[in-house]
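**Student:** Below are the sequence and a predicted model; questions follow.
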Amino acid sequence: MAKSSKTVKTAAKADTTEPQPTAHPIAVTLLDKKWLPQIILILAAVIVYFSSLSNGLVFFDDDKAILYNHALQNPTLYKFFTGQNLGMYAPVSWIAYWIGSFISGKEADGYHLLSLIFHAISGCLVFSIILHLTRRSWLAFFVALLFVVHPIQVEAVSWAAALSTALFALFYLGAYRAYLQYTATERPSYGWLLLSYFLFTASVLSKSAAVTLPVLLIATDFLFHRDRMKNLWKDKIFYFIVALWFGYKTFLTRQAEGHNIETVSAIFGLSDRFFMVCQTLLFYPAKLLAPFGFSIAYPFDKTNGAWNWTYYAAPAALLGIAVLVWKTARHHREVLYGLALYLIPLAVMLPLRTVGSFELRSDRYAYVSCVGIFLLLGLLLEKTTAAIRVAMTIGISMILAFLAFEQTTVWKDGVQLFENCVEKVPQSSLCQCNLAYNELIRSDFQNSAEHYSEALRLDPKLVEAFNGRGQAYLNLKKPTEALDDFTKAVQAGISSPKLFFNKGKCLVLLNRAIEAIPDLTKSLELEPNNAEAFYLRGFAQEKNNAPELAIKDYGQAILLNPSGIEPYVNRGLLHYKKQAYQQAVDDYTAAININPNIAMVFNNRANAYLNIGQKNKALADVEQALKINPEYKLAQETRARIRGI
């Protein structure tokens with residue numbers, strides 16, 4: 001008991017060193033009004049992000065996470081809670097995606113609307129958390145306002161696939177706030193603890209980054225409830241069990257997706273990781289304090305095997321900051337809290353190892369952590385006069401809001417996003433590659449081919465670019481160049497049904513149809529429902545003097561796509577050659593029903609009718625062929641032969 005009393009006195013003594021500024025009277029009056037700060041925060045979020053509701057989907061995870069997510073196709077709770085996508089287990093996020101699709105279908109509006117709502121509520125939670133711990137309305141409002149309007153948040157709010165970040169943060173902050181309410185009195189209400197448990201579980205089910213919350217709770221108790229820590233440790237067992245289980249599951253789902261974690265992590269050595277982590281710890285505060293040059297990617301690039309000088313300087317800078325904090329602020333719990341609030345949520349986002357994603361650092365990774373930096377900035381501004389603090393709040397927030405509003409336009413679509421990425425990080429092969437991919441989706445094949453070429457110049461090992469450039473060349477009617485790229489992609493180990501199909505198609509276009517059979521067969525093994533692949537293989541089998549196999553493939557193509565005319569025409573010709581004239585008539589009739597304006601098909605059916613003795617039908621068909629094309633010589637010859645009978 002004596003030990004506990006000493007601890008309380010020490011904490012009280014530490015509290016006296018913290019600033020107790022006198023706020024501006026008008027600011028106090030406004031910010032202390034019930035719900036007014038929250039209303040201002042919500043309005044700020046709407047003003048900054050409302051225009052982004054019209055932004056489209058970005059073909060960089062939006063396609064994989066949303067459009068092609070199997071859990072969202074004929075969705076059920078069972079699918080949500082038993083599957084994984086992109087190496088992630090995030091059923092609550094998928095439910096949010098489903099709600100977004102329910103709002104706006106295949107358009108992006110619904111996802112952006114949900115992100116805006118979640119972001120605004122999270123801003124209110126930040127205000128409530130800081131106010132609860134510091135009891136200073138201006139400081140809480142300043143931190144929350146910067147959280148809402150800072151442009152580093154745009155990625156998390158304006159990117160449909162990043163809805164998971166806004167969602168996990170909402171539950172994360174909600175669970176944190178509920179826990180603070182639970183510990184607010186000596187006789188806590190367990191209802192708040194149960195609510196915190198529930199929200200934390202929802203948070204980790206939204207994104208595995210939420211596993212840091214238990215550590216943040218310990219840090220908070222140490223700084224604000226040190227005398228009660230021994231009574232609170234049992235309450236955290238549930239948090240740690242859930243966090244450890246979901247952390248372990250993340251590695252399992254990454255491996256199940258096909259990410260070789262050890263191999264990918266080996267790209268950078270231990271010393272590399274040390275410098276990368278140190279530089280990243282300073283990278284985010286620099287972006288927060290100098291809010292310019294935002295990009296979807298911030299690659300770790302070496303020049304001639306060496307890092308930029310900032311990497312080598314980062315450890316010394318961090319050591320200097322640590323010494324400064326120890327000497328001047330180790331008794332200022334709010335400073336220590338700001339550092340904890342920055343470092344702890346960011347911990348699992350640091351480039352300690354790669355788990356299948358190239359973004360070892362990204363704006364959205366600092367979505368929650370930025371609150372700690374904003375708190376430190378607010379504590380610094382508290383040392384100024386009240387009038388300066390009010391003016392700085394207004395000025396800083398307006399500048400940041402304008403920059404964030406401008407940044408939302410970058411996320412209009414994938415092409416604009418990666419054009420910005422190439423502008424900001426021109427040396428990034430991945431930016432070039434993703435720009436090319438989005439141009440390919442837009443059917444801008446020439447620019448797509450050029451940017452794929454630039455990506456390969458920057459990184460010849462980026463083998464996926466061969467596949468993409470091959471598709472661009474194929475659409476530009478350059479089958480020779482396309483075949484070369486597809487061949488390199490296959491040799492590099494890429495295996496997809498579309499790749500083998502495209503390679504086979506190039507061979508057919510280059511009159512090397514027999515060589516196309518193995519590639520088309522491989523494509524059909526991987527995707528057996530591709531009607532065009534069956535058609536092309538049927539055509540190749542014809543060239544290989546295998547009419548029975550060709551007829552079989554044409555039949556499969558027709559079964560999969562009854563509206564395709566070419567398989568009917570080609571199969572009809574093979575039936576004609578086999579003297580199966582009635583079957584030929586049936587195929588040509590089906591082709592005519594699909595498109596009655598092809599003279600060749602009427603002429604072919606006329607010849608089939610003629611061979612089964614139906615002269616009148618044959619003459620009617622050939623007349624129709626000549627009506628469509630009076631200069632059609634084959635039809636003229638057929639008519640002459642019929643009249644001569």
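**Tutor:** That came through fine. Residues are numbered from 1 along each chain as shown.
**Student:** quick one: contacts for T212?
**Tutor:** Taking Cβ atoms under 8 Å, 6 or more residues apart in numbering, we find T212 in contact with 243, 344-345, 347-348. For every residue, glycine as well, the C-beta is placed using N, CA and C.
**Student:** which of the residues you listed lies closest to G644?
**Tutor:** V348 (85.8 Å; Cβ to Cβ).
**Student:** On the three-state scheme, that closest one is what?
**Tutor:** helix (DSSP: H, G, I helix; E, B strand; the rest coil).
**Student:** where do the strands sit along the stretch 251-400 of the chain?
**Tutor:** In the stretch 251-400 of the chain, no segments count as strands under DSSP state E, counting those that start in this stretch.
**Student:** where along the stretch 101-250 of the chain do the helices fall?
**Tutor:** 109-134, 137-149, 154-158, 163-182, 190-204, 213-224, 229-232, 237-257 (DSSP state H, counting those that start in this stretch).
**Student:** got a markdown table for those helices, with mean pLDDT and distance to S295 too?
**Tutor:** Formatted as a markdown table, those follow (pLDDT from 0 to 100; distance: least, Cβ to Cβ, whole Å):
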| stretch | mean pLDDT | distance to S295 |
| --- | --- | --- |
| helix 109-134 | 96 | 19 |
| helix 137-149 | 97 | 19 |
| helix 154-158 | 96 | 9 |
| helix 163-182 | 97 | 17 |
| helix 190-204 | 96 | 27 |
| helix 213-224 | 95 | 28 |
| helix 229-232 | 81 | 42 |
| helix 237-257 | 78 | 25 |
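**Student:** Would you mind listing where this protein has pLDDT under the threshold?
**Tutor:** 1-29, 85-87, 251-266, 354-359 (pLDDT under 70).
**Student:** Please report the distance of Q614 from R605.
**Tutor:** Separation of Q614 from R605 (Cβ to Cβ, to the nearest Å) stands at 10 Å.
**Student:** Distance to A297 for the helices of the stretch 101-250 of the chain - can I get that in CSV?
**Tutor:** Shown next, in CSV, are the helices of the stretch 101-250 of the chain (distance: least, Cβ to Cβ, whole Å):
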stretch, distance to A297
helix 109-134, 20
helix 137-149, 23
helix 154-158, 11
helix 163-182, 16
helix 190-204, 26
helix 213-224, 28
helix 229-232, 41
helix 237-257, 20
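**Student:** Now do the contacts for the closest residue to K552 other than its chain neighbours.
**Tutor:** Sequence neighbours aside, G538 is the residue nearest to K552 in space, at 7.7 Å (criterion: Cβ to Cβ, 6 or more residues apart in numbering). Neighbour list for G538: 549-554, 557, 567, 570-571 [criterion: Cβ under 8 Å, 6+ apart].
**Student:** circling back: between the helices of the stretch 101-250 of the chain, which one is nearest to A65?
**Tutor:** Of the helices of the stretch 101-250 of the chain, nearest to A65 by Cβ to Cβ is helix 163-182, at 7.9 Å.
**Student:** Send me the closest one as PDB with only the CA atoms.
**Tutor:** Coordinates of each C-alpha in helix 163-182 appear next as PDB, following Å, rounded to 0.1, in the frame of the first residue of the first chain:
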ATOM      1  CA  LEU A 163     -12.600   1.500 -46.900                       C
ATOM      2  CA  SER A 164     -11.100  -1.200 -44.800                       C
ATOM      3  CA  THR A 165      -8.700   1.300 -43.200                       C
ATOM      4  CA  ALA A 166     -11.400   3.800 -42.400                       C
ATOM      5  CA  LEU A 167     -13.600   1.000 -41.000                       C
ATOM      6  CA  PHE A 168     -10.900  -0.700 -38.800                       C
ATOM      7  CA  ALA A 169      -9.900   2.800 -37.400                       C
ATOM      8  CA  LEU A 170     -13.500   3.600 -36.600                       C
ATOM      9  CA  PHE A 171     -13.800   0.400 -34.500                       C
ATOM     10  CA  TYR A 172     -10.300   0.800 -33.100                       C
ATOM     11  CA  LEU A 173     -10.900   4.300 -31.800                       C
ATOM     12  CA  GLY A 174     -14.400   3.200 -30.600                       C
ATOM     13  CA  ALA A 175     -12.900   0.300 -28.700                       C
ATOM     14  CA  TYR A 176     -10.200   2.600 -27.200                       C
ATOM     15  CA  ARG A 177     -12.800   5.200 -26.200                       C
ATOM     16  CA  ALA A 178     -15.000   2.600 -24.500                       C
ATOM     17  CA  TYR A 179     -12.000   1.300 -22.600                       C
ATOM     18  CA  LEU A 180     -11.200   4.800 -21.400                       C
ATOM     19  CA  GLN A 181     -14.800   5.200 -20.200                       C
ATOM     20  CA  TYR A 182     -14.500   1.800 -18.400                       C
END
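**Student:** That helix - contacts with which helices or strands?
**Tutor:** Counting contacts by 3 or more Cβ pairs under 8 Å, 6 or more residues apart in numbering; DSSP states H and E, helix 163-182 packs against helix 91-104, helix 109-134, helix 154-158, helix 190-204, helix 213-224.
**Student:** and among the ones you listed, the most buried is which?
**Tutor:** helix 154-158 (a mean of 26; mean count of other Cβ atoms under 10 Å).
**Student:** sorry, back to before: which element, helix or strand, includes the residue nearest to K552?
**Tutor:** Assigned by DSSP states H and E, G538 belongs to helix 531-543.
**Student:** any idea how far that helix is from the chain center?
**Tutor:** Helix 531-543 has its average C-alpha position 36 Å from the chain's average C-alpha position, going by Cα atoms, centre = their mean, to the nearest Å.
**Student:** Check stretch 99-115 too.
**Tutor:** Using Cα atoms, centre = their mean, the offset of stretch 99-115 from its chain centre is 15 Å.
**Student:** what comes into contact with it?
**Tutor:** So stretch 99-115 is contacted by 49, 52-57, 62, 66-67, 72, 96-97, 156-158, 160, 162-163, 166-167 (Cβ under 8 Å, 6+ apart).
**Student:** Buried among those? Make that a PyMOL selection.
**Tutor:** Typed into PyMOL, the line below selects the buried ones among the contacts of stretch 99-115, using 16 or more other Cβ atoms under 10 Å:
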select buried, resi 49+52+53+55+56+57+62+66+72+96+97+156+157+158+160+162+163+166+167
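**Student:** Quickly list the domain ranges of the chain.
**Tutor:** Per automatic domain parsing, the domain ranges recorded for the chain read 34-411, 563-645.
**Student:** can I get the ones you listed in TSV with distance to E419?
**Tutor:** What follows is the domains of the chain, written out as TSV (distance: least, Cβ to Cβ, whole Å):
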stretch	distance to E419
domain 34-411	9
domain 563-645	38
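**Student:** of all the ones you listed, which lies closest to S495?
**Tutor:** Of all the domains of the chain, it is domain 34-411 that lies closest to S495, at 11.0 Å by Cβ to Cβ.
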